[in-house]
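# here's my sequence, what's the structure:
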Amino acid sequence: MADVLALVEARLRTGLGEPDARAAVTFLGTDRIEVLRFTDGDVVRYATLGMSAQPMTDPTATLADPVKGPRAELVLSVRGGLADTDKVLRPLAVLAASPQVEGLVVAPGASLDTGEPLWPGAPFTSVLVAEPGGLVEDLDLAEPMDPVRFLPLLPMTPNEAAWKRVHGAAALQERWLSGGTDLRDPLRKSVSLD
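The predicted structure follows:
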């Protein structure tokens, strides 16, 4: 496990630079989850470290495979200085612990809900899991382990989350694109869903 996390942290540093802050959260019955903060100009990125220590297991599987199965870490990018986004550390750690706690397999297109604002005053209580590969490249591990994927998180307002449940992730992303939505704006309003 420690070897995997050392490789993951090295990949994060290669893709995002040196972290300027880190925090750790441990939930009862789970492994420790760290959240690293990277600042790049006016963009602040938060990346989890610890979610990929164990493979995610299908909750319907009778036996959890300790080696094989998808592995991932989460990456959230926001514009810095507009909101107290550093308070996202605990909600991000909760999302990263969800495979261990709830048996979820986190994959692109999924919605993850925190049940509370991502940071104080945030108009978002959930995120859309986007396709990996843009910011941080997948990390190949020794066979038979699956690669670690670095999944971007796109904050959703409650209206956007409800609309996504009906129309799907691709339709919501198309709305964001056609509306010129700045998904890194921590104070943005919901995109027009009419």
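# tell me which stretches of this structure form helices.
Listed in chain order, the helices of the chain (DSSP state H) span 2-16, 89-102, 158-167, 169-178.
# can you list the low-confidence ranges for the protein?
Applying pLDDT under 70 to the chain flags the ranges 1-2, 59-62, 64.
# what would the helices of the chain look like in JSON lines with distance to Leu151?
C-beta coordinates here come from the backbone N, C-alpha and C atoms, glycine included. Shown next, in JSON lines, are the helices of the chain (distance: least, Cβ to Cβ, whole Å):
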{"stretch": "helix 2-16", "distance to Leu151": "13"}
{"stretch": "helix 89-102", "distance to Leu151": "10"}
{"stretch": "helix 158-167", "distance to Leu151": "16"}
{"stretch": "helix 169-178", "distance to Leu151": "12"}
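# indicate which one of these is closest to Ser77.
Set against Ser77 and scored by Cβ to Cβ, those come closest in helix 2-16, at 9.6 Å.
# need the contact partners of that closest one.
19, 36, 38, 40, 45, 47, 49-50, 52-53, 71, 73, 75, 135-137, 139, 141, 145, 148, 150 (Cβ atoms under 8 Å, 6 or more residues apart in numbering).
# filter those residues to the buried ones?
19, 36, 38, 45, 47, 49-50, 52-53, 71, 73, 75, 135-136, 139, 141, 148, 150 (16 or more other Cβ atoms under 10 Å).
# show me those residues that map onto strands.
Judged by DSSP state E, those include Leu36, Phe38, Arg45, Ala47, Leu49, Arg71, Glu73, Val75, Val148, Phe150 as members of strands.
# pull the contacting residues for Val88.
By Cβ under 8 Å, 6+ apart, the neighbours of Val88 are Val35, Tyr46, Leu76, Val78, Leu118, Trp119.
# how does it look with 10 Å?
35, 37, 44, 46, 76, 78, 95, 114, 117-120, 122, 124, 153, 155, 186 (Cβ atoms under 10 Å, 6 or more residues apart in numbering).
# buried among those residues? Make that a ChimeraX selection.
In ChimeraX, a selection of the buried entries from the contacts of Val88 looks like this (16+ other Cβ under 10 Å):
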select :35,37,44,46,76,78,95,114,117,118,119,122,124,153,155,186
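# beta partners for the spatially most central residue of the chain?
Nearest to the geometric centre of the chain sits Leu74, at 2.8 Å (Cα atoms, centre = their mean). On the basis of DSSP bridges, Leu74 is bridged to Leu151.
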